[in-house]
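Participant: test case, fold it:
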Amino acid sequence: MFIYGNELLLADQVKSADTFFQRFVGLMGQKSLGGGQGLLLKNCSSVHCFFMHFPIDVVYLSKFMEVLYVETIQPWHIGSFVKKAKHVLELPAGSGQGLSAGTQISIEA
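Facilitator: Take a look at the predicted model:
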């Protein structure tokens, strides 16, 4: 799956986590998240980085895939509570720096 923001390609190797178990496991156990990779957590409004070995950029999205907030989370930390967040996009640290609140995200299969 491809993810675009501001008409620029953010990630071209994005997996989707649709079930409770997929969202729970997320990126735990991975050694790193390479450039172009990401994880879209559908129907999920918060994240943690417990048992992770690397920082990630977390993009909180509305139900219409509009960016609400972007932050970098370090291993063993909990992400922010973002009101109206419906989905979360996890990207390699630094990948979400160009995104700001109000940016529309588009997804291509």
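Participant: in the protein, which spans are helices?
Facilitator: Remark: helices assigned in the chain by DSSP state H are 20-25.
Participant: strands of that one, start to end?
Facilitator: 2-5, 8-11, 13-17, 37-41, 56-61, 67-73, 87-92, 105-108 (DSSP state E).
Participant: can you put these in TSV and add mean neighbour count and mean pLDDT?
Facilitator: From N, CA and C alone the C-beta is placed, and that goes for glycine too. Shown next, in TSV, are those (neighbours: other C-beta atoms under 10 Å; pLDDT from 0 to 100):
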stretch	mean neighbour count	mean pLDDT
strand 2-5	19	89
strand 8-11	17	89
strand 13-17	17	93
strand 37-41	23	94
strand 56-61	25	96
strand 67-73	18	96
strand 87-92	24	95
strand 105-108	14	91
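Participant: nearest to residue 30, of those?
Facilitator: strand 37-41 (9.3 Å; C-beta to C-beta).
Participant: what pairs with the closest one, parallel or antiparallel?
Facilitator: strand 13-17 (parallel), strand 87-92 (antiparallel) (DSSP bridges).
Participant: between the ones you listed, which one is closest to residue 48.
Facilitator: strand 87-92 (11.0 Å).
Participant: quick one: which of the strands paired with strand 37-41 is nearest residue 66?
Facilitator: strand 87-92 (10.2 Å).
Participant: other residues contacting that closest one?
Facilitator: 3, 10-11, 14, 26-27, 33-35, 37-47, 56-63, 65, 79, 96, 105 (C-beta atoms under 8 Å, 6 or more residues apart in numbering).
Participant: and the angle from it to strand 67-73?
Facilitator: 40 degrees (axes from the mean of the first three to the mean of the last three C-alpha atoms, to 10 degrees).
Participant: can you give the distance of strand 87-92 from its chain's centre?
Facilitator: 0 Å (C-alpha atoms, centre = their mean, to the nearest Å).
Participant: good, wrapping up.
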